[in-house]
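# Okay, predicted coordinates and the sequence, questions at the end:
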Amino acid sequence: MKITKLTTYRVPPRWMLLKIETDEGVVGWGEPVIEGRARTVETAVQEMEPYLIGQDPARINDLWQTMYRAGFYRGGAILMSAIAGIDQALWDIKGKVLGKPVYELLGGLVRDRMKMYSWVGGDRPSDIIEQIRTLQKGGFNTFKMNGTEELGMLDTSAKVDEAVRRVAEIREAFGTTIEFGLDFHGRVAAPMAKTLLRELEQFRPLFVEEPVLAEQAEYYPRLAEMTSIPLAAGERMYSRFEFKNVFAAGGLSIVQPDLSHAGGITECLKIASMAEAYDITLAPHCPLGPVALAACLAVDFVSYNAVLQEQSMGIHYNKGGELLDYVINKDDFKIVDGYCNPLPKPGLGVEVDEERVIEAAKNAPDWRNPVWRHADGSVAEW
Ligand SMILES: O=C(O)[C@H](O)[C@@H](O)[C@@H](O)[C@H](O)CO
Ligand SMILES: [Mg+2]
């Protein structure tokens, strides 16, 4: 079998789907995208074509190593997202050729169902109590929200109180009947992280995500020393070569590689097993579409340390497109009592509605995240 064609489709809300065709008619789908840089990743995918066209899609490991090493420069958000989507599509092809879901090719199920969580509160967290109540009715009991609005490198007690009050209200309304993670989203600089973590300690959030920016990872062990709140990070780290230094330095309790940013299934499986050796749990990042989610689930269902899975249904970014808009087998993604079952169909288990994708791509979005500014006019971490 030989790879014959790669086609990318940028579709609402802010995703990109990749179709890889072969000379025997088997097609694989992937989701290579960096939110807000879809066109850049699209070009990176096109630049990977010479390594792929005419090659045997079954040789995923060799194709992965070639895409990673042969271009001399490597790593980073753009190239690793291009490799990620291609890798997902190659695993999809392999499963379809062998008639097995990807998790079967990776040693079979380590669990029967996977715990999912849902975003609430939007860019600037609001209406959280109502949104949790609504999602509880749909069976969710685990949530994530932004921990704060924009925050200066050194900010006021009033801003700290505002962040703490929001969390106090959640615990007051729901007690311990729900769990929630707080995503600092890189908005909190090191000088403020300790203060916020200390003030939030009493409410025991399930985790605090990106307590500082990924480029400040050396703070993870120092922050972990002063808090019992599990610290999570990973969506802005792109290969096991980045994660290894963070694992060795300590401080992370939860690692959150993104299956569409960190080299795909082949790389994230390695990251997951490295994490397990350090007793670090896995909670793949996935605010994206159905192919990315299916790739996450393939890794979740074979990784002992997988504990939580993000999914984008109802997320505040999904304007103009929703998680299941482009799939035919919607029921396979059903979330019951906050859990998702393994996707039973061969490959990634996603039946892409290609007609819908082609139609949607005619009005390809050019989603960019907002540029926020502090009161003094300086740019704020979004
Ligand atoms: O945890 C999450 O889902 C992420 O922080 C998410 O909010 C961002 O990755 C966003 O998708 C970037 O455009
Ligand atoms: Mg995040």
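Looks like it came in fine. Numbering: from 1, shown residues only. Ligands and ions are numbered 1, 2, ... in the order given.

# which element is the closest residue to ligand 2 within the stretch 1-150 of the chain on?
Here the residue of the stretch 1-150 of the chain nearest ligand 2 is K144; by Cβ to the ion that distance is 7.7 Å. The way it works is simple: take the backbone N, C-alpha and C, and place the C-beta from them, glycine included. K144 belongs to strand 142-146 when assigned by DSSP states H and E.

# Give the burial count for the closest residue to I328 other than its chain neighbours, as a bare number.
Sequence neighbours aside, E351 is the residue nearest to I328 in space, at 4.1 Å (criterion: Cβ to Cβ, 6 or more residues apart in numbering). Applying other Cβ atoms under 10 Å, we find 17 other residues in the vicinity of E351.

# Next one: whichever residue of the stretch 151-300 of the chain sits closest to ligand 2 from ligand 1, what distance?
Using Cβ to the ion, the closest approach of the stretch 151-300 of the chain to ligand 2 is made by D183 at 4.3 Å. Separation of D183 from ligand 1 (Cβ to the nearest ligand atom, to the nearest Å) stands at 5 Å.

# That residue pairs with what?
Note on D183: beta-bridge partners N146, E209, judged by DSSP bridges.

# ok, it - contacts?
Contacts for D183 (Cβ atoms under 8 Å, 6 or more residues apart in numbering) come out as 144-147, 208-210.

# Where neighbours are concerned, which of these has the most?
Using other Cβ under 10 Å as the neighbour test, the contacts of D183 are led by G147, with 28 neighbours.

# pLDDT at that residue, what is it?
Listed pLDDT for G147 reads 96.

# Touching, it and H185? I think so.
Yes. Using Cβ atoms under 8 Å, G147 makes contact with H185 at a distance of 7.3 Å.

# Can you pull up the residues of the stretch 51-200 of the chain that come close to ligand 1?
Within the stretch 51-200 of the chain, the positions near ligand 1 by Cβ under 6 Å from any ligand atom are 183, 185.

# Up against ligand 2, what does the stretch 51-200 of the chain have?
Applying Cβ under 5 Å from the ion, one finds that the stretch 51-200 of the chain approaches ligand 2 through D183.

# If you count contacts, what does the strand holding K144 end up packed against?
Packing partners of strand 142-146 (3 or more Cβ pairs under 8 Å, 6 or more residues apart in numbering; DSSP states H and E): strand 114-119, helix 128-137, strand 179-183.

# what residues does that strand touch?
Contacts for strand 142-146 (Cβ under 8 Å, 6+ apart): 115-125, 128, 132, 135, 166, 178-185, 187, 206, 209, 308, 310, 338.

# How about stretch 108-121?
By Cβ under 8 Å, 6+ apart, the list of residues contacting stretch 108-121 reads 103, 127-128, 131-132, 135, 140, 142-146, 180-181, 287, 297, 300-304, 306-316, 335, 338-342.

# which among these end up buried?
Buried members of these, counted by 16 or more other Cβ atoms under 10 Å: 103, 128, 131-132, 135, 140, 142-146, 180-181, 287, 297, 300-303, 306-316, 335, 338-342.

# and the next element down the chain from the longest helix anywhere in the chain?
The longest helix of the chain (DSSP state H) is helix 77-98. Where DSSP H and E defines the elements, the next helix or strand beyond helix 77-98 is helix 102-105.

# What average pLDDT does that next one get?
Across helix 102-105, pLDDT averages out at 98.

# what about dumping the CA coordinates of it to CSV?
Coordinates of the C-alpha atoms in helix 102-105 are reproduced here as CSV (Å, rounded to 0.1, in the frame of the first residue of the first chain):
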residue,chain,number,x,y,z
VAL,A,102,-6.2,1.5,17.5
TYR,A,103,-6.3,0.6,21.2
GLU,A,104,-6.4,-3.1,20.1
LEU,A,105,-3.2,-2.5,18.1
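
# Quick one: list the elements packing against it.
Packing partners of helix 102-105 (3+ Cβ pairs under 8 Å, 6+ apart): helix 77-98, helix 290-300.
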